[in-house]
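*Asks:* Got a sequence here, can you build the structure:
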Amino acid sequence: MTGTRRAAMFAMVLCALALSIAVPLRTYLSQRDELREVTQQQEKLRTDVAALEQRKQQLSDPAQVEIEARTRLHFVRPGETPYVVQLPGDADRKTEEERPSGKPAANRSWYEQLWESVTHK
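*Replies:* Numbering: from 1, shown residues only. Okay, here's the model as predicted:
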């Protein structure tokens, strides 16, 4: 009988040790995984910041700003003749639908402007 009590006490002590170690171990492992994820996010953000710094450096050059304005915004210098090249697939596009409505925004009520902003992408 004393052997059974000793075994029961040993089992209780073993269970108590296992429970007291399990919670901190689980916390440690979850924090380690979270730290790994945060480190990866931080590296990605550093890469993004470096790319944005490089882009900022490029846009500090007036020649690069002019190139961007010409390509993305289709700006031209005074006296230049702009040309628009239509590709074969562009003939099917309905450019009239892509243009803003002829009704000026000042003449429309706020709810008409809101509705139009919701219905047009």
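
*Asks:* need the helices for the protein, in chain order.
*Replies:* Counting by DSSP state H, the chain has helices at residues 2-59, 62-72, 95-98, 110-119.

*Asks:* quick one: low-confidence ranges for the protein?
*Replies:* Within the chain, the ranges that satisfy pLDDT under 70 run 1, 91, 93-106, 121.

*Asks:* check contacts around Thr39.
*Replies:* Listed by CB atoms under 8 Å, 6 or more residues apart in numbering, the contact set of Thr39 is empty. C-beta: built from backbone N, CA, C; applies to glycine.

*Asks:* export the helices of the chain to CSV and tack on distance to Tyr83?
*Replies:* Converted to CSV, those look like this (distance: least, CB to CB, whole Å):
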stretch, distance to Tyr83
helix 2-59, 26
helix 62-72, 12
helix 95-98, 16
helix 110-119, 32
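
*Asks:* Between those helices, which one is closest to Val85.
*Replies:* helix 62-72 (13.0 Å; CB to CB).

*Asks:* Show me what the closest one is in contact with.
*Replies:* In contact with helix 62-72 (CB under 8 Å, 6+ apart) are residues Gln58, Leu59, Phe75, Val76.
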